[in-house]
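Engineer: what's the 3D shape of this:
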Amino acid sequence: TNSDRCSLFLVDETQKELVAHFQGVRYPIRMDIGAGIAGHVATKGVRLNIADAYSHELFNPSVDRRTGYKTDSMLCMPVVYEGRVEAVAQLINKKDRDGKSVPFTTEDEELFESFAAFAGVSLRNCREHVCLKNAVSVTEILVETASKLGESMENPEDTFRIVTTYAKKMTDADICSLFLVDKEHHEVYTACSDTLRKTRFRIGSGIVGSVALSGRYENIADAYADIRFSPAADIEAAYISKTMLCTPVFSKIHGRQEVIAVLQLTNKMSSTTGEITTFNDSDVENAARLATFAGVGIMNCRTYQHALAARDDIMNLISKPKHQDKAKTLTVAITDQMVVQIMECVYPQQDFDDMCTPEFDVHQYKNDTTDHLVVPMLVGLFEELGYVKKFNINKAVLVRFILSVKSMYRKIPYHNFYHAIDVAQTMFCYIRFSGIGELVDDLLCFALLITALVHDVDHMGLNNSFHFKAETPMGILSCSTGSTSVLEVHHCNITIGLLSEPETDVFSGLTEEQQKVCYKMVIDCILATDMAKHSELVEYSSKLFANGVNKNDVEHVKTLLQMVLKGAD
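Structural biologist: Numbers count the residues shown, from 1 in each chain. Prediction:
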């Protein structure tokens, strides 16, 4: 065609862009798929033969200004394969014998069209080759990631670093951060980062927090244009975040998929130009694939760390002196001053109103500024239901009882005092809103609220199966008595001990017959929380209540109360 130059615009469907390769320009230039003359040809699939480029409304002279070249005539044609535009070829400045620019002819169009057909086949083959090569590369990275994660279980920091390193490698991200989800505190915190300091923030806060909450990835083309983005980390690290891909990391917990971490990939670097570009669909897919391996690796690491901690606990139990100081007890000494402080505490009415609703979030009280409110508000729940007056409960005894219960819950990740608060508050809502009071009387509801507080008291963070298999003292004792509910029996023993002390006996205002009813209900319900018997009890209750609940049937009432506690738990 005797054209002076030729430019090729490759169609990138994933990014909805054209990747332009110009003569005289070292690196490809990306532009919107509908921009300019090439964009018009790409989207419409038509050819354009332009005699005077500068007089055409779609012509963009910026490339000429960048290269110092002058475009006169132009022939722009789609390169098609099987009905799909693979690229746009652009011939520039047809020359006559004297070297002057002249318009392209019809013969040029026909010749160029024949060439474009072969070019389409070549480009498609090239694309498929690149895709295959990339797929092999991704597979190799995933295999290497799995191998490295299998070797890093002993060191959480190594596990986190492996995840971020290979995530960057798979997506060409400049930096990567891994955030772990802390469900107990309803927070997300930094586990590993190239630039960020260790930080914590609420689930739902910011881009990472939103991904942790929704479980859906976020592919962001302009971080600063997103209202959820906080530039504070950039300012501190002297870094500029432009493009970002946040991917949730899932793991199966208690039979359902839950978000346990979030991968944040920042600033995808173009392998050809070295410039920052947006993450494409392949990056999203590859990040999700790697997140699957990351979820397994993180959970394996956690399981290993828990096993080590459990082993140490057992060694401590075994190595304890046989003769303990008789004055030493499980509880922290509850002084009269502590009781008075709770009784005189005035909590915000709004906080208590929130506690009386199903929307109450116990996690917001797990800090130094609000922790002191939970005990007086728990007392308030008993008063709100009228139990303090109706069952002659000495308020100082109730306060001392709750403080003693609090001191006997261990500081372990889940079965701690805040779990007890959560269950008790849920039980309050059941009593107040579910209509259970129409089936059982206030005495049993009062005992049920007490049971919710003590049902996991002095839990050690290890399940019944572990106590049996590790032959802990509690496991050996239960085995010798024929009971499999190691922890539940222990919780009952602790509760009975508390209720046997006059200073913490919240049943002291009841008649002897009422006390027997409450003791039996408390023990029956705590024993029913043994998860090993869960399926059996659920199946039994389904059959028992097939025709409804008979409030005059003792077995119906007992089973109903057990299921209500299990529901709250």
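
Engineer: tell me the SS of residue 432?
Structural biologist: helix (DSSP: H, G, I helix; E, B strand; the rest coil).

Engineer: counting neighbours, what do you get for it?
Structural biologist: Close neighbours of residue 432, defined as other C-beta atoms under 10 Å, add up to 17. Quick note: C-beta positions are derived from backbone N, CA and C, even for glycine.

Engineer: and if you look at the one 3 residues further on?
Structural biologist: Burial measure for residue 435: 9 neighbouring residues, criterion other C-beta under 10 Å.

Engineer: any idea how far it lies from residue 296?
Structural biologist: With distances taken as C-beta to C-beta, to the nearest Å, residue 435 is found 44 Å from residue 296.

Engineer: do a quick rundown of the strands in the stretch 251-400 of the chain.
Structural biologist: 256-269, 276-277 (DSSP state E, counting those that start in this stretch).

Engineer: any chance of CSV for those, columns mean neighbour count, distance to residue 396 and mean pLDDT?
Structural biologist: Converted to CSV, these look like this (neighbours: other C-beta atoms under 10 Å; distance: least, C-beta to C-beta, whole Å; pLDDT from 0 to 100):
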stretch, mean neighbour count, distance to residue 396, mean pLDDT
strand 256-269, 21, 42, 91
strand 276-277, 17, 66, 88
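
Engineer: of all those strands, which one is nearest residue 100?
Structural biologist: Of all the strands of the stretch 251-400 of the chain, it is strand 276-277 that lies closest to residue 100, at 39.7 Å by C-beta to C-beta.

Engineer: paired strands for that closest one, with orientation please.
Structural biologist: Paired neighbours of strand 276-277 in the sheet (DSSP bridges): strand 256-269 (antiparallel).

Engineer: re earlier: nearest to residue 565, of the strands of the stretch 251-400 of the chain?
Structural biologist: Judging the strands of the stretch 251-400 of the chain by C-beta to C-beta, what sits closest to residue 565 is strand 256-269, at 22.0 Å.

Engineer: burial check on residue 184, number of neighbours?
Structural biologist: For residue 184, using other C-beta under 10 Å, the count is 15.

Engineer: surely it is within a helix?
Structural biologist: No - under three-state DSSP, residue 184 sits outside any helix and is assigned coil.

Engineer: could you give the backbone dihedrals for it?
Structural biologist: Dihedral pair for residue 184: phi -60, psi -40, per degrees, to the nearest 10.

Engineer: return the residues in contact with it.
Structural biologist: 363, 366, 413, 414, 418 (C-beta atoms under 8 Å, 6 or more residues apart in numbering).

Engineer: number of nearby residues for the first one?
Structural biologist: Going back to what we said before, that points to residue 363. When neighbours are counted by other C-beta under 10 Å, residue 363 comes out with 16.

Engineer: and if you look at the third one?
Structural biologist: Residue 413 has 12 neighbours, counted by other C-beta under 10 Å.

Engineer: per-residue pLDDT, it?
Structural biologist: On pLDDT, residue 413 comes in at 83.

Engineer: assign a three-state SS to it, would you?
Structural biologist: Relying on three-state DSSP, one would call residue 413 coil.

Engineer: ok, and the closest non-adjacent residue to it?
Structural biologist: Nearest residue to residue 413, sequence neighbours excluded (C-beta to C-beta, 6 or more residues apart in numbering): residue 184, at 5.9 Å.

Engineer: now tell me what touches the helix or strand in which residue 489 is found from outside.
Structural biologist: Assigned by DSSP states H and E, residue 489 belongs to helix 486-499. With contact meaning C-beta under 8 Å, 6+ apart, helix 486-499 is reached by 330, 401, 404-405, 408, 454-460, 463-464, 467-468, 474-475, 478, 483, 504-507, 519, 522-523, 526-527, 529-530.

Engineer: now, which of the residues you listed lie within helices?
Structural biologist: 401, 404-405, 408, 454, 464, 467-468, 474-475, 478, 519, 522-523, 526-527 (DSSP state H).

Engineer: of all pairs in those residues, which one is the farthest apart?
Structural biologist: Spanning the widest gap among the ones in helices among the contacts of helix 486-499 are 401 and 468, at 31.5 Å by C-beta to C-beta.

Engineer: quick one: which of these two has more around it?
Structural biologist: residue 401 (25 against 16).

Engineer: so who does the closest residue to residue 345 other than its chain neighbours touch?
Structural biologist: Nearest residue to residue 345, sequence neighbours excluded (C-beta to C-beta, 6+ apart): residue 376, at 4.3 Å. By C-beta under 8 Å, 6+ apart, residue 376 lies in contact with 342, 343, 345, 347, 399.

Engineer: 10 Å instead?
Structural biologist: Residues in contact with residue 376 (C-beta atoms under 10 Å, 6 or more residues apart in numbering) are 341, 342, 343, 344, 345, 346, 347, 352, 399, 402.
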